[in-house]
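Novice: my questions are about this predicted structure, shown below with the sequence.
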Amino acid sequence: MTNPSDIVWHEQTVDRAAREANLSQRGVVVWFTGLSGCGKSTVANELEHQLNQLGRATILLDGDNIRHGLCAPPSGLKEEHGEEFANRFGLGFGAIDREENIRRIGSVAALMASAGLITLTAFVSPYRRDRDRVRKIVEASGAVGDFLEVFVDTPLEICEARDPKGLYKKARAGEIKNFTGISDPYESPEQPEIHLAGHAEATPSEQAAEVLAELTRRGIVASSAR
Ligand SMILES: Nc1ncnc2c1ncn2[C@@H]1O[C@H](COP(=O)(O)OS(=O)(=O)O)[C@@H](OP(=O)(O)O)[C@H]1O
Ligand SMILES: Nc1ncnc2c1ncn2[C@@H]1O[C@H](COP(=O)(O)OP(=O)(O)O)[C@@H](O)[C@H]1O
């Protein structure tokens, strides 16, 4: 077994402050969470577009895309890596798999923020403990205030009526197990930095502008940025 003391942290000459200075911005993580179909990807995508137009350096990590690579399911790894590897490292939607999914993404998001990027993430991330762990990792590698939780609070009935991928229909029919909101829990954030209420009928662009306004209010985006 590897002894943790055999792995030693190496200090680097170019630090986070130097990277941030070159980009004239502060690296942060803007963590969108909510049910499937609540609008995470759409609003995060629109926000990245608005930030991009302001000349800000960004990255968007989206659940559906990350599950094609870093957090692929066993079926996506088997052909290239074999069954044992796929079963050990591939991720599904059970509670432990979601925990590992969010742990990996949380670490990547913290690295992206240390690179000075405004890092947007869009994952269901249904468990409060998993999200709180990411907050700790991000703050430990930067400062308090570097992690902003955005609760996309669209009611289940609306998400289910939208059902753009037909997943709710399958979940109701019992064809998908552990489906968040139907046969698996969603633990709402208790004190999100930003709360987007879905019943207000705001457009994705208005919701993105709401997040942008909060980033501006907190000095993460300068009001005169370009
Ligand atoms: N069982 C189950 N529960 C929830 N979601 C499911 C499930 N099976 C597949 N999908 C699709 O996978 C997307 C969620 O992946 P995430 O990585 O964001 O999930 S999690 O954060 O680990 O909970 C989610 O994407 P979004 O709809 O964009 O949220 C679904 O399209
Ligand atoms: N504010 C909104 N108003 C109306 N429809 C929306 C809004 N935000 C997203 N949608 C629509 O809801 C569906 C699900 O959005 P999506 O961003 O894929 O959700 P998620 O990433 O949370 O699964 C899409 O068809 C999208 O166009």
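Specialist: Everything's here; your move. Residues are numbered from 1 along each chain as shown. Ligands and ions are numbered 1, 2, ... in the order given.

Novice: so F32, which state does it fall into?
Specialist: strand (DSSP: H, G, I helix; E, B strand; the rest coil).

Novice: tally of neighbours for it?
Specialist: Look at F32: counted by other C-beta atoms under 10 Å, it has 30 neighbours. C-beta: built from backbone N, CA, C; applies to glycine.

Novice: pLDDT at it, what is it?
Specialist: On pLDDT, F32 comes in at 98.

Novice: for it, give the beta-bridge partners.
Specialist: Bridge pairing for F32 (DSSP bridges) gives the partners A122, V150.

Novice: so it makes contact with T121?
Specialist: Yes - judged on C-beta atoms under 8 Å, F32 makes contact with T121 at a distance of 6.4 Å.

Novice: any common contacting residues for the two?
Specialist: A44 (C-beta atoms under 8 Å, 6 or more residues apart in numbering).

Novice: what residues does the chain put near ligand 1?
Specialist: 36-37, 40-41, 63-64, 67, 93, 98, 101-102, 123-126, 165, 167, 176, 178-180 (C-beta under 6 Å from any ligand atom).

Novice: what ranges do the helices span in this structure?
Specialist: Assigned by DSSP state H, the chain shows helices spanning 16-23, 40-53, 63-66, 74-81, 83-89, 95-114, 128-140, 156-162, 167-172, 204-217.

Novice: comparing these by mean pLDDT, which bottoms out?
Specialist: With a mean of 91, helix 63-66 has the lowest mean pLDDT of the helices of the chain.

Novice: for that helix, which outside residues touch it?
Specialist: 40-41, 101, 105, 122-124.

Novice: likewise stretch 211-225?
Specialist: Taking C-beta under 8 Å, 6+ apart as the rule, stretch 211-225 contacts 25-26, 28, 30, 43, 47, 50-51, 54-56, 118, 145, 148, 150, 193-194, 196.

Novice: counting neighbours, what do you get for the residue lying closest to N22 once chain neighbours are set aside?
Specialist: Spatial nearest neighbour of N22, chain neighbours left out: G116 (7.1 Å); criterion: C-beta to C-beta, 6 or more residues apart in numbering. The local packing of G116 (other C-beta under 10 Å) involves 21 other residues.
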